[in-house]
Each structure stands twice: as structure tokens, then as C-alpha cells.
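A.B. asks: Here is a sequence with its predicted model. Questions after.
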Amino acid sequence: MRILIYSYNYYPEPIGIAPLMTELAEGLVKRGHQVRVVTAMPNYPERRIYESYRGKGYVTEYKNGVQIQRSYIWTRPQPNLLDRLLLDASFVITSFLPALIGWRPDVILATSPSLPVCLPTALLGWLNRCPVILNLQDILPDAAIQVGLLKNKLLIHLFTALEKFAYHTATKISVIADGFVDDLHSKGVSDSKIEQIPNWVDINFIRPLPKENNAFRAAHNLNGKFVVLYSGNIALTQGLETVIKAASTLRHIPDIAFAIAGEASGLQRLQTACLECGADNVLLLPFQPREQLPEMLAAADVGLVVQKKNVISFNMPSKIQVLLACGRALVASVPDNGTAARVIRQSGGGVIVPPEDHDALAQAILDLYKHPEKVKTLGYNSRQYAVEQYAFEQALNQYESLFYSVTAEAEAIKSAVVSN
């Protein structure tokens with residue numbers, strides 16, 4: 001098949017949906033499909049276009065058999081609401097031309113966020129008479145409203161209408177967790193239109209490695225320490241100040257060390273929080289190169305998943321699959337009724353504590369520090385669950401089957417129209 005992936009995020013961006021879409025595109029190429037990716041100039045998570053791409057309107061490049069068509073977008077390091085709207089609008093406008101002039105796809109996969117991407121993909125689907133699959137990584141505008149990012153009633157109405165349009169025009173909607181299914185049902189989307197395919201992790205790349213002779217530990221003077229690691233986006237939905245306060249509570253135990261790896265702007269904010277509460281046991285680091293990610297994850301005794309109280313219940317951070325795959329114990333400061341909590345409970349690989357409760361977080365970490373056998377058991381369970389539920393080949397099989405089914409249906413409809 002000829003598959004067009006329309007995704008705002010892609011390689012070389014290190015976190016979020018970019019690694020997922022990169023792995024999916026390259027996996028499909030390995031299975032003999034022709035894959036084209038329409039994406040933005042790389043800018044995430046710093047919200048700055050990467051230096052080698054600055055000053056360029058369009059770039060076409062190839063990586064591991066995938067054709068990548070990049071276009072200019074409006075982006076600012078600390079975006080306000082207007083900046084975010086301009087970012088979405090600029091991608092919709094600038095990305096359409098390269099999407100249009102490339103080869104004709106048999107199927108289009110569009111990722112949301114960004115929600116406005118449904119506009120060009122719906123038009124492309126109509127022009128090319130091909131099915132469009134909407135891949136929901138988050139539910140917008142609900143998620144933005146929940147965290148207070150979207151308050152303007154007119155904009156809420158506009159984005160709600162856009163959401164309805166996206167669901168109506170998509171041939172199929174792929175979702176990453178069962179909570180999404182319930183939400184779509186409540187909005188009138190039929191079950192026949194929904195396909196649940198969890199996000200995945202490359203279990204051969206992200207795997208358990210020994211803590212001994214670990215380069216990350218050695219480089220940051222962490223040998224002999226009980227390391228608590230958070231790696232990922234530092235944004236509105238996380239509330240990592242809770243982690244800083246928990247670290248401050250445990251600073252009297254010199255063997256416990258915290259490490260947080262994230263974008264520079266977020267680290268600056270956390271540095272201020274560390275100084276305010278005397279958390280001198282927190283190591284703040286920039287994102288590590290992706291090839292060093294397994295070594296960094298292996299340096300941890302405990303991996304953290306952190307969300308605020310007001311995060312929408314079916315939010316499912318992709319870092320959960322990664323932490324499970326590396327075979328480490330998880331401590332999740334997340335809403336008890338949410339998808340993240342449910343998955344971690346099912347895995348048997350972690351401990352759940354109330355969100356934004358630094359005392360509970362500190363207590364859970366202290367308990368694991370005192371019980372190394374429990375840490376070992378949780379880590380074993382984590383890896384087993386990742387292998388059983390989130391292996392990349394399983395997800396690739398599901399996406400490939402979905403592409404085949406929607407293209408077969410489209411061909412059947414065309415044949416019926418011609419014969420009539």
C-alpha cells in the first residue's frame with residue numbers, strides 16, 4: 001500500500017508521539033509498504049525549530065525508506081493561547097501543499113493532537129478518494145478545557161464543532177485506551193467506527209539492563225544511590241513541583257537521589273522550585289539522545305509517572321509503556337480513576353498515590369527504598385506486562401490489518417458505484 005501519515009510530530013523529536021510515528025512509518029516500510037510522512041519542522045519539546053531547519057519553508061528528506069515532507073510552522077518557546085492557535089493554523093496551511101503534490105495515497109493516517117489537521121486530511125481523502133484514519137492520542141478540546149488552557153467560550157464552541165467534523169469525516173478512529181471509547185460513545189460515535197490499538201514500545205530497544213557499570217550512573221555520580229527518575233515533558237498536565245517537594249521531604253536520606261530529564265524551559269522552573277524548598281538531592285538534566293535512553297532508564301530503581309488532579313481521566317502518557325519495558329518499578333502520582341492508574345494496576349508493576357500529594361509520593365518512594373525485593377518484583381512484572389501487551393509487532397499487525405480493511409471497503413464501494 002501507499003500510506004500517508006499526517007503527523008505534526010516526527011523524528012528527530014525525542015518524546016511523545018514523534019518516536020511512535022517514526023517507528024510505525026519505518027515498520028511499515030520494512031513490511032514492503034510505501035510511506036510518506038507530512039510533518040512540521042522539528043521543534044518539540046522546546047518549541048524552537050531545530051537549528052539545522054531554521055529559515056526554511058519546506059524540506060523533503062528520507063530516513064530508513066520513509067519520505068518525510070516538512071513545512072514551516074509558527075512556534076514560540078513559551079506559547080500563549082494565540083501562539084498555540086497560530087501553530088495549528090500554520091501547520092494546516094503550510095503542510096497541505098506538500099501533502100497534495102506527493103504521490104496519491106491508498107490510505108491516510110492523521111494524528112491528533114493537532115485537532116485542526118482533520119481539515120486538510122478530510123480534503124485530501126476526498127480528493128484522492130481514499131479512507132482517512134484519525135489516530136487519537138488525546139481528546140480535544142476536552143483535555144485543554146480540563147487543564148484550563150482553553151477558556152474562551154467562542155473558541156470552545158469552535159473546537160467542539162471541529163471535533164465533531166473530525167469524527168464525522170474520518171473513516172475510522174483509532175484510540176489508544178478504553179477510556180477513549182467510552183468518551184466517543186458519549187459523543188455519538190458508533191462502535192463500528194472505533195478501533196482500539198494501544199501505543200507500543202520497542203521491547204528490543206527498551207529493555208532491562210543492569211544497574212552495575214551503568215554509564216549514566218557513573219557520569220552523574222549516582223553509583224550506590226537509590227535513583228528515582230522522571231524523563232519526559234514538563235508541562236501543564238504534569239505538576240512536577242510535587243516531585244520536588246517529595247524530594248525535599250526525603251533529603252535527609254543521602255542514598256536517595258532524584259533525576260529529572262526534560263526541556264530547558266521546564267528545568268529552569270524546577271530549578272527555582274528546588275531552591276525554594278531546599279531539594280539539593282534533585283539532578284536536573286536535558287533530554288538525553290535517544291540512543292542513550294535505555295542506559296538512562298536502566299540507571300533508575302524507580303520510574304515516575306506524574307499527573308495533576310485535573311487531568312482528563314483517560315489521558316494515557318506514552319512514557320508508561322517505556323517505563324514498563326525497561327523493567328523498573330513505577331510510582332504513579334495520578335488520578336485514581338484514570339486510565340494511567342488502571343493500566344499500572346493491571347501490570348502489577350507499580351504503586352499508585354494521589355496526585356499533587358508530595359507526602360504520599362515521598363512515603364511510597366521511601367517504602368520501596370526500604371524493600372528492595374518489592375522493587376525487584378515490581379520491575380519483573382513491569383517487563384512481563386510490556387512484552388505481553390505493548391510489543392511493537394502487535395501494534396504494527398493491528399495497524400496493517402486496519403489499513404487493509406479500510407482500503408478493501410473503499411475499493412468495494414468504488415466497484416459498486418461503477419457497476420451501478
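C.D. replies: Looks like it arrived, so ask away.

A.B. asks: Please tell me how far G57 sits from I206.
C.D. replies: Note on G57: its distance to I206, by Cβ to Cβ, to the nearest Å, is 36 Å. Where you see a C-beta, it was placed from the backbone N, CA and C, and this is true even at glycine.

A.B. asks: helix/strand/coil for V29?
C.D. replies: helix (DSSP: H, G, I helix; E, B strand; the rest coil).

A.B. asks: Tell me how many other residues crowd the closest residue in space to it that isn't next to it in sequence.
C.D. replies: Leaving aside its chain neighbours, V29 sits nearest to G65 (3.9 Å; criterion: Cβ to Cβ, 6 or more residues apart in numbering). Residues near G65, counting by other Cβ atoms under 10 Å, number 13.

A.B. asks: which intervals of the stretch 201-350 of the chain have sub-threshold pLDDT?
C.D. replies: Scanning the stretch 201-350 of the chain for pLDDT under 70 picks out 236.

A.B. asks: show me where it has strands.
C.D. replies: 226-231, 256-262, 282-286, 302-306, 329-333, 350-353 (DSSP state E, counting those that start in this stretch).

A.B. asks: would you turn those strands into TSV with mean neighbour count and distance to P12?
C.D. replies: As requested, those are exported to TSV (neighbours: other Cβ atoms under 10 Å; distance: least, Cβ to Cβ, whole Å):
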stretch	mean neighbour count	distance to P12
strand 226-231	24	17
strand 256-262	23	16
strand 282-286	17	14
strand 302-306	26	23
strand 329-333	27	27
strand 350-353	24	30
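
A.B. asks: Quick check: bridge partners of K63?
C.D. replies: Going by DSSP bridges, K63 is paired in beta bridges with V66.

A.B. asks: Go ahead and confirm it touches P12.
C.D. replies: No: contact criterion Cβ atoms under 8 Å: K63 and P12 do not qualify, at 9.0 Å.

A.B. asks: Run through the helices of the stretch 251-400 of the chain in chain order.
C.D. replies: 264-277, 293-298, 319-325, 339-347, 358-370, 372-389, 392-419 (DSSP state H, counting those that start in this stretch).

A.B. asks: Now distance to P116 and mean neighbour count too, for those helices, in CSV please.
C.D. replies: Converted to CSV, the helices of the stretch 251-400 of the chain look like this (distance: least, Cβ to Cβ, whole Å; neighbours: other Cβ atoms under 10 Å):
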stretch, distance to P116, mean neighbour count
helix 264-277, 24, 16
helix 293-298, 31, 21
helix 319-325, 26, 27
helix 339-347, 25, 21
helix 358-370, 37, 18
helix 372-389, 32, 17
helix 392-419, 22, 14
